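Novice: the sequence isn't on hand, but the structure is:
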């Protein structure tokens with residue numbers, strides 16, 4: 001039996017350092033009843049030990065330490081049997097919310113019960129809107145448009161637009177959207193129970209895109225709420241192994257395309273997308289300074 005007033009926050013940590021402490025402290029300042037689960041994927045930076053020192057045995061916090069890195073989705077799913085809230089917030093350890101964030105999410109979702117998941121306006125440290133904050137699902141065609149920069153050659157054609165929507169005017173009211181930032185996902189528990197947990201076969205990246213499609217397939221649309229602002233220090237937890245993270249990201253994209261689009265697109269287009277994905281990885285791996 002779950003609580004109608006409690007919000008459950010789940011943070012998967014991997015070498016989050018001081019940012020993990022800040023994220024947890026921000027959650028614990030919330031104005032609504034909360035429980036917090038920190039699932040640690042065998043961090044080696046002492047962040048969990050530092051967290052234990054800082055939370056002073058706060059009974060709202062449960063820490064689970066894995067013996068090895070099991071990936072984001074599997075770690076996040078570990079908390080599900082323990083949560084009691086009717087809403088769940090999946091939050092990155094380098095993501096900062098305000099004291100009012102959870103209350104605003106709850107109020108909005110209570111007023112719009114047809115939505116299964118919501119995200120807010122995720123900003124970079126400099127205040128700019130983060131690229132993945134609001135987006136369309138990157139199907140093979142949209143990804144090919146982005147990789148080949150076709151949107152720059154055909155800017156006025158709808159079929160040649162990028163799946164990232166940050167170039168569009170920010171809405172003033174909550175709107176229905178295909179995808180939000182995976183760094184901050186506010187999920188209705190009844191919807192999650194119908195859709196199911198994140199796909200654990202993704203080790204890192206694309207488990208959120210997979211979830212967005214599955215939520216919509218189960219008739220639980222996704223909501224973007226512009227008046228809820230969150231700060232995300234993007235890439236902080238992956239900076240120690242950037243090449244490995246880059247490889248996981250591109251491998252997950254291939255899996256994502258195969259799972260949802262293999263039978264919807266012509267085979268030559270799919271192979272073109274697969275080749276483009278690995279060419280992109282190779283270029284980034286060769287020329288990016290790690």
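Specialist: Alright, I've got the coordinates. Every value quoted in this text rests on a predicted model; they were computed, and no experiment measured them. Residues are numbered from 1 along each chain as shown.

Novice: tell me, what residue is most central in the chain?
Specialist: With distances taken as C-alpha atoms, centre = their mean, the chain has residue 182 as the residue nearest its mean C-alpha position (1.0 Å).

Novice: that one sits in which helix or strand?
Specialist: Taking DSSP states H and E as the definition, residue 182 sits outside all helices and strands.

Novice: same deal with the one 4 residues further on?
Specialist: Here residue 186, judged by DSSP H and E, is contained in strand 184-188.

Novice: buried set for the helix or strand harbouring residue 256?
Specialist: Residue 256 is located in helix 242-261, with elements delineated by DSSP H and E. Of all the residues in helix 242-261, those buried under the rule 16 or more other C-beta atoms under 10 Å are 246, 248-257, 260-261. For glycine as for every other residue, the C-beta is placed from the backbone atoms N, C-alpha and C.

Novice: want to try JSON lines for the residues you listed, with pLDDT and distance to residue 175 as columns?
Specialist: Shown next, in JSON lines, are those (pLDDT from 0 to 100; distance: C-beta to C-beta, whole Å):
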{"residue": "246", "pLDDT": "81", "distance to residue 175": "32"}
{"residue": "248", "pLDDT": "76", "distance to residue 175": "31"}
{"residue": "249", "pLDDT": "83", "distance to residue 175": "27"}
{"residue": "250", "pLDDT": "81", "distance to residue 175": "30"}
{"residue": "251", "pLDDT": "84", "distance to residue 175": "32"}
{"residue": "252", "pLDDT": "86", "distance to residue 175": "27"}
{"residue": "253", "pLDDT": "84", "distance to residue 175": "26"}
{"residue": "254", "pLDDT": "87", "distance to residue 175": "31"}
{"residue": "255", "pLDDT": "89", "distance to residue 175": "29"}
{"residue": "256", "pLDDT": "90", "distance to residue 175": "24"}
{"residue": "257", "pLDDT": "88", "distance to residue 175": "26"}
{"residue": "260", "pLDDT": "90", "distance to residue 175": "23"}
{"residue": "261", "pLDDT": "86", "distance to residue 175": "25"}
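
Novice: will you turn the residues you listed into JSON lines that also has distance to residue 84?
Specialist: Below are the buried residues of helix 242-261 laid out as JSON lines (distance: C-beta to C-beta, whole Å):
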{"residue": "246", "distance to residue 84": "37"}
{"residue": "248", "distance to residue 84": "32"}
{"residue": "249", "distance to residue 84": "33"}
{"residue": "250", "distance to residue 84": "37"}
{"residue": "251", "distance to residue 84": "35"}
{"residue": "252", "distance to residue 84": "31"}
{"residue": "253", "distance to residue 84": "35"}
{"residue": "254", "distance to residue 84": "37"}
{"residue": "255", "distance to residue 84": "32"}
{"residue": "256", "distance to residue 84": "31"}
{"residue": "257", "distance to residue 84": "37"}
{"residue": "260", "distance to residue 84": "32"}
{"residue": "261", "distance to residue 84": "37"}
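
Novice: quick check: of these, which lies closest to residue 129?
Specialist: residue 249 (20.7 Å; C-beta to C-beta).

Novice: which residue, other than its chain neighbours, is closest to that closest one?
Specialist: Nearest in space to residue 249, with sequence neighbours left out and distances taken as C-beta to C-beta, 6 or more residues apart in numbering, is residue 205 at 4.3 Å.

Novice: now residue 34, nearest residue through space, not along the chain?
Specialist: Leaving aside its chain neighbours, residue 34 sits nearest to residue 7 (5.1 Å; criterion: C-beta to C-beta, 6+ apart).

Novice: beta partners for that neighbour?
Specialist: Residue 7 has these beta-bridge partners by DSSP bridges: residue 34, residue 87.

Novice: low-scoring stretches of the stretch 1-150 of the chain, by residue?
Specialist: Across the stretch 1-150 of the chain, the ranges flagged by pLDDT under 70 are 1, 144, 146-150.

Novice: those helices in it, which residues are they?
Specialist: Applying DSSP state H, counting those that start in this stretch to the stretch 1-150 of the chain gives helices spanning 17-28, 47-55, 72-78, 101-111, 140-147, 150-153.

Novice: what's the angle from the longest one to helix 101-111?
Specialist: Relative orientation of helix 17-28 and helix 101-111, computed by axes from the mean of the first three to the mean of the last three C-alpha atoms, to 10 degrees: 50 degrees.

Novice: and helix 17-28, what does it pack against?
Specialist: For helix 17-28, the elements it packs on are strand 3-13, strand 34-40, helix 47-55, strand 95-96, judged by 3 or more C-beta pairs under 8 Å, 6 or more residues apart in numbering; DSSP states H and E.
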